[in-house]
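> fold the following and give me the result.
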Amino acid sequence: MILQFFLFVPITLGFAQDLGSLRIMNGTYAVEEQFPYEAGLLCYFAGFPNNPSLCGGAILSNRWILTAAHCLQDPDANLTQVRVQVGSLEAPGGDDILVNGSDIIVHKNFNRKTVFNDLGLIRLPKNLTFSSKVQPVKLPSSYRTYTGRSVFISGWGLTDNQTASESLQYLRTDVVSNKQCQSQWNKALKGKKKKVVSWTFVCVDTQQGMPCQGDSGSPMVLADGSKTLVGIVSHGLDPECKRKVPDISMRVSAFLRWINSNTGGLK
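I've put the predicted structure just below:
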């Protein structure tokens with residue numbers, strides 16, 4: 001557990017976890033083909049075969065999904081398998097792709113306390129068939145801050161009624177600077193713990209809504225139609241996702257070399 005702030009941990013479909021929360025708060029229901037790069041994940045851990053954790057992911061290519069490291073790792077249980085769903089607005093649990101735990105890559109420098117390097121990769125056992133409902137995101141070509149740009153965040157996480165959404169929802173918001181993000185976090189923490197907002201983080205305004213439990217690992221893309229992947233949902237301040245402090249994702253442009261080296265150039 002992180003003192004005073006929480007990972008946006010996946011919600012489990014049968015028992016509660018104590019690490020935090022993630023959901024689309026004040027979101028809008030997505031329509032067919034709006035977010036074809038969104039993947040739904042059910043992550044299974046040893047000892048809990050009937051209680052998978054819900055997360056999101058971004059389709060990078062026909063063989064690779066990018067998500068949050070904390071979706072794929074638990075300090076008390078080993079990941080056994082992940083079920084991946086693509087091309088559907090319905091919550092994961094239907095027609096899906098089974099991935100063994102051995103085909104999962106968690107960033108070797110992932111730190112649960114600082115939440116640095118909160119990224120993981122899933123290698124699919126077979127190629128996806130691209131269509132109007134299944135498409136990859138576009139990776140940025142180099143490091144970008146995107147401060148002031150509008151982005152979409154989508155997912156199946158908890159909604160305002162504290163239940164996981166049965167259909168994909170999304171939120172449109174703006175990227176805020178890391179300086180502003182760190183200032184607002186430390187003001188909210190009131191000196192109890194200093195929050196370091198790394199250059200590898202990207203923060204968004206939460207005045208009109210935010211992601212929460214179950215949205216971990218979901219993609220944040222530019223809202224300009226380019227499908228450019230800005231971030232992967234990581235963590236927020238409070239477990240109920242009510243305090244309007246900037247939400248934090250992993251800045252994908254800071255991890256391009258890591259993505260390329262671990263996917264063989266997305267082959």
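
> how about the strands in the stretch 151-267 of the chain?
169-176, 201-204, 219-222, 229-236, 247-251 (DSSP state E, counting those that start in this stretch).

> want to try TSV for those strands, with mean pLDDT and distance to Tyr143 as columns?
Placement of C-beta: from N, CA and C, glycine included. Formatted as TSV, those follow (pLDDT from 0 to 100; distance: least, Cβ to Cβ, whole Å):
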stretch	mean pLDDT	distance to Tyr143
strand 169-176	95	14
strand 201-204	97	11
strand 219-222	98	15
strand 229-236	95	12
strand 247-251	96	8
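
> dump the ones you listed to JSON lines, plus distance to Tyr146 and mean neighbour count.
Shown next, in JSON lines, are the strands of the stretch 151-267 of the chain (distance: least, Cβ to Cβ, whole Å; neighbours: other Cβ atoms under 10 Å):
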{"stretch": "strand 169-176", "distance to Tyr146": "5", "mean neighbour count": "21"}
{"stretch": "strand 201-204", "distance to Tyr146": "7", "mean neighbour count": "26"}
{"stretch": "strand 219-222", "distance to Tyr146": "7", "mean neighbour count": "26"}
{"stretch": "strand 229-236", "distance to Tyr146": "5", "mean neighbour count": "28"}
{"stretch": "strand 247-251", "distance to Tyr146": "8", "mean neighbour count": "28"}
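
> make JSON lines from those and add distance to Asn186 to it.
Formatted as JSON lines, the strands of the stretch 151-267 of the chain follow (distance: least, Cβ to Cβ, whole Å):
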{"stretch": "strand 169-176", "distance to Asn186": "14"}
{"stretch": "strand 201-204", "distance to Asn186": "13"}
{"stretch": "strand 219-222", "distance to Asn186": "23"}
{"stretch": "strand 229-236", "distance to Asn186": "15"}
{"stretch": "strand 247-251", "distance to Asn186": "13"}
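
> show me what contacts Gly56?
For Gly56, the contacting residues are 38-41, 67, 154-157, 214-219, 233, by Cβ atoms under 8 Å, 6 or more residues apart in numbering.

> tell me the spacing between it and Phe152.
Separation of Gly56 from Phe152 (Cβ to Cβ, to the nearest Å): 12 Å.
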